[in-house]
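Novice: pasted the sequence and its predicted model underneath.
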Amino acid sequence: QVQLVESVGGSAQAGGSLRLSCVASGPIFSINGWGWYRQAPGKQRELVAEITVARTTYADSVKGRFTISRDNAENTVFLQMNRLKPEDSAVYYCHAEVSTLYSGTQLAWGQGTPVTVSS
């Protein structure tokens with residue numbers, strides 16, 4: 001079973017920066033794509049950014065401020081968050097579509113890490 005482990009989110013003031021990472025482990029053949037999602041209290045989980053071989057996409061609310069990147073050798077994805085706003089406060093989840101060694105394709109989620117931005 002593939003597992004995703006996220007770094008600790010943390011806190012920042014508005015205008016500041018944070019960087020999240022997420023590492024995949026287990027029977028991985030390749031990671032087809034990664035995504036970062038977030039869920040604020042009382043709101044639905046939303047896609048923040050995703051990266052595949054073909055493209056990188058961002059939610060309109062984070063374009064120009066957040067950058068998703070990946071390290072294929074380390075099975076890791078990063079989310080660099082700059083010019084943070086209080087509305088960026090949420091629990092952030094990483095997601096991966098993984099081609100496994102023995103069990104076909106698996107969709108995996110991280111455990112979630114809280115990010116708090118104060119004004």
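Specialist: Sure, I can see it.

Novice: below-threshold pLDDT in the chain: ranges please.
Specialist: Counting by pLDDT under 70, not a single residue of the chain qualifies.

Novice: so what's the closest residue to S25 other than its chain neighbours up against?
Specialist: Excluding the flanking residues, the one nearest S25 by Cβ to Cβ, 6 or more residues apart in numbering is Q3, at 5.4 Å. From N, CA and C alone the C-beta is placed, and that goes for glycine too. Q3 makes contact with A24, S25, G26, A108 under the criterion Cβ atoms under 8 Å, 6 or more residues apart in numbering.

Novice: in which helix or strand does the residue nearest the centre of the chain reside?
Specialist: Nearest to the geometric centre of the chain sits W36, at 2.8 Å (Cα atoms, centre = their mean). Taking DSSP states H and E as the definition, one finds W36 inside strand 28-39.

Novice: the strands in this protein, which residues?
Specialist: 3-6, 10-13, 18-25, 28-39, 46-52, 56-58, 66-71, 76-81, 90-100, 105-109, 113-118 (DSSP state E).

Novice: can you say which of the ones you listed is packed in most?
Specialist: Neighbour counts (mean count of other Cβ atoms under 10 Å) averaged over each of these peak at strand 76-81, with a mean of 22.
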